[in-house]
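Visitor: Here is my input, please return the structure:
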Amino acid sequence: METVERYLNANQERFVQEMIAFLSIPSISALPEHASDVREAGSWAADRLRAAGIEHVQILETGGHPVVYGDWLHAPSKPTILIYAHFDTQPVDPIDLWHHAPFEPTIEGDRIYARGATDDKGNLLAPVVALEALLTTRGTLPVNIKVLFEGQEEIGSPQLPAFISSHRELLACDAALSADTGQFSEDQPSLTVGLKGICGLQIDMEGPDHDVHSGVYGGAIQNPLHAMVRLLDSMRSAAGKITVNGFYAGVAPLSPEDREAIAAVPFDEEAYLQDLGVTALFGEPGYSPRERAWARPTLEINGLWGGFTGQGTKTVIPSTAHAKITCRLVPDQDPARVIESIRSHVAKNTPAGVEVTVTATESGSRAYLIPTDDPYLAAAREVLRTLYGREPYLERTGGSVPITTSFKDILGIYTVSYGFGLPDERIHSPNEFFRLSSFRRAQSAYCRILDRLSQPLGA
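Guide: Residues are numbered from 1 along each chain as shown. Coordinates of the predicted model:
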């Protein structure tokens, strides 16, 4: 590894400049006007893989945003490892809270600020750099490699299950490493063993066929905003328990072992409150904050709008009201069944005087868990233990990476979450950033895990 590390050190300035170029592409997958930017980011990633020495690199169509594939398959008798990441980003709103333009990467000290810096372009580039370093210094890789980078993770990977199903042979492998994740802290490693599933929907309410005078018609007709608020409030108790009939169907209670494993990961409530700028925690009774976030299903309102929202006053009853909801799911919850339970709840609880439409989002995925005795996970634990000098925590997360369930269900493989973002790096928020020290450490970590996977597992 000494020669590899010297190569990484010698080329670090170039790698950072490459990351700046990558981060400058506004590849927002949720906004149609940025579809060409998502494709440009895919082209950038494909070119970078070719430059690293990866073969058969191609941009493949999905029916939505594309994916990038490449491979290097010259290690007979060694396992085949698929490296996964995504090159699309979240939208940047609210833009006025950014300290720098979100797609004009800015370095301050050890931090590079930009949308997509930690989620997931910085983490994506690290294994590419590692592959280049190994191929340049050794002329070979320790294992067979396949690479799959996608451009639609931030919208739930809607076309990826069908794509993976139709490309089983191309993507066949022994295990996957996902760069779309992070570590517990700068000096404490962790591995994410559980990810929540997800489903989402939009509720649209219609009252009068145009906005009307609130003085003339107020008190005589239903206000869609009032009706929407009442409907949404009926979905959760004041204490935080979801009241949608059937929502908890299939949800297994947390076992003593589950609760013990979650409690083993330190949690500083005061620091948590201070970091978020809130004064109190809230959630489903009977569970710790970590249990709620990591292992209990949730229903959250992501957006609510209608009527007049400008400065000053406009005395109207709006003709429409709208809300977006997503649910994070735990093992054994079926996204389609959850959506139907919410549809039924809406039908039974919509106030009189408005018409309502429920539209499910195109994507949805089940929760993912990797067995804690998985041999590839054990190898990753070993590498991180050596790299950090500490035993990694085994964490769950409330976030979702939909492709992990597709890999398991379609390819029959487990995914080891192997990224190096940190919890404070403002994922999905204004002023997202990535630590350059984490970027450098991730490069070493990928070289080391590929070396370790070339050896007998469990040895």
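
Visitor: State the three-state secondary structure for Leu134.
Guide: In three-state terms, and counting by DSSP: H, G, I helix; E, B strand; the rest coil, Leu134 is helix.

Visitor: Got the confidence number for Pro402?
Guide: Looking at Pro402, its pLDDT is 89.

Visitor: What is the burial count for it?
Guide: By other C-beta atoms under 10 Å, 24 other residues sit near Pro402. Placement of C-beta: from N, CA and C, glycine included.

Visitor: now that we're looking at it, how far away is Ser429 from it?
Guide: 21 Å (C-beta to C-beta, to the nearest Å).

Visitor: How about Thr181?
Guide: Taken as C-beta to C-beta, the span from Thr181 to Ser429 is 17 Å.

Visitor: and what of Trp44?
Guide: 24 Å.

Visitor: Check the spacing between the closest residue to Thr89 other than its chain neighbours and Thr298 real quick.
Guide: Spatial nearest neighbour of Thr89, excluding adjacent residues (C-beta to C-beta, 6 or more residues apart in numbering): Gly116 at 3.8 Å. Distance, Gly116 to Thr298, by C-beta to C-beta: 25 Å.

Visitor: More neighbours: which of these two?
Guide: Ranked by neighbour count (other C-beta under 10 Å), Gly116 and Thr298 place Gly116 first, with 32 against 18.

Visitor: Need the pLDDT of the more buried one.
Guide: On the pLDDT scale, Gly116 gets 98.

Visitor: Which residues are in contact with it?
Guide: Under the criterion of C-beta atoms under 8 Å, 6 or more residues apart in numbering, the contact partners of Gly116 comprise 23, 27, 87, 89-90, 122, 432.

Visitor: Tabulate those in CSV, adding columns for secondary structure.
Guide: As requested, those are arranged in CSV below (three-state DSSP):
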residue, secondary structure
Leu23, helix
Ser27, coil
Phe87, coil
Thr89, strand
Gln90, coil
Gly122, helix
Glu432, coil
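
Visitor: Tell me the one of these nearest Glu382?
Guide: Gly122 (24.5 Å; C-beta to C-beta).

Visitor: shouldn't the closest one be in contact with Phe439?
Guide: Yes. Counting by C-beta atoms under 8 Å, Gly122 touches Phe439, with 5.5 Å between them.

Visitor: in its sheet, what does the lowest-mean-pLDDT helix or strand in the chain sit against?
Guide: Lowest on mean pLDDT, DSSP states H and E among the helices and strands of the chain sits strand 355-365, with a mean of 90. The strands beside strand 355-365 in its sheet (DSSP bridges) come out as strand 197-206 (antiparallel).

Visitor: give me the number of residues near Leu171?
Guide: 23.

Visitor: one step back: among the contacts of Gly116, pick out the one closest to Gly458, please.
Guide: Looking across these and measuring by C-beta to C-beta, the closest to Gly458 is Gly122, at 32.2 Å.

Visitor: What confidence value was assigned to Ala459?
Guide: 63.
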